[in-house]
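Participant: could you work out the structure for the sequence below:
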Amino acid sequence: MSTNIIRLIALIALLVAMPARAWVTQPILDPAHPKEGEVVYVTFSSGYCDVFGDPTVAIEDRKVSLNLFSLMATDYEACIFPTFHERFPIGLFKAGQYIVQVNRTYVGDNGLETHSMGTLAMSVAVPSSLSIPALDLVSLFGMAALLVAVGIGQRRTDS
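Facilitator: The predicted structure is shown next:
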C-alpha cells in the first residue's frame, strides 16, 4: 500500500472513532505509609461505564482481600454512571508487612466474573513519636518557681 492510502485510512479512522469513556484507575493505599493503629483505605476512581458497590474485606494472616461488586456497561450507550471517587476502609493493622489484593466482581457473559484490579504491598510502621504532655504557661512558671525554691533551699543547707 502506498503511504497516502495508509494516511487516508488513519484519518478516516480518527474521524469516526468514538472517545473512550470507560476508565478505572489503579487502586492505591491511603495513607501510602500507614502507622500501627491508623485506618487504612484503598482509593481509586472510575467513570461512566463502571460503578462500584459495597466492599467485602477478608484478612487472613498477612493477606488482605478487598472484593468490590461492580456494574460494568459494555454498550457505549449504557455508559451513564457518574465519575466515582471512593475510599474503601480495609482496617487497622499491627506493624508488619502485608499484601492487599483488590478484586472486582461483576456480571459478565458467563455469569459472575472476578478480576484482579491490583496487588499492593503494604508496610505498617510503629508510630515514630511518643505523645509527651506539654505544660501550659501557668504550670511552666509554677515549675520554675519550685526549682528556684529548691535551689535556694539546697544552697542554705550546703552553707
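
Participant: run through who's touching the helix or strand containing residue 154.
Facilitator: Element membership of residue 154, judged by DSSP states H and E, is helix 137-158. Residues outside helix 137-158 that contact it (C-beta atoms under 8 Å, 6 or more residues apart in numbering) are residue 135. Using the backbone N, CA and C atoms, a C-beta is placed for each residue, glycine as well.

Participant: can I assume residue 29 sits in a strand?
Facilitator: Yes - under DSSP: H, G, I helix; E, B strand; the rest coil, residue 29 falls within a strand.

Participant: got the contact list for it?
Facilitator: Residue 29 sits in contact with 40, 41, 42, 43, 100, 120, 122, where contact means C-beta under 8 Å, 6+ apart.

Participant: again, but for residue 104
Facilitator: 52, 67, 68, 69, 70, 114, 115, 117.

Participant: surely residue 5 is in a helix?
Facilitator: Yes - when three-state DSSP is applied, residue 5 is found to be in a helix.

Participant: that one: neighbour count?
Facilitator: 9 (other C-beta atoms under 10 Å).

Participant: show me where the protein has helices.
Facilitator: 3-16, 137-158 (DSSP state H).

Participant: sketch out the low-pLDDT regions of the chain for me.
Facilitator: Along the chain, segments meeting pLDDT under 70 span 1-2, 8-22, 129-134, 158-159.

Participant: strands - which of the contacts of residue 104 land there?
Facilitator: Counting by DSSP state E, the part of the contacts of residue 104 found in strands is 52, 67, 68, 69, 70, 114, 115, 117.

Participant: thanks again, I'm all set now.
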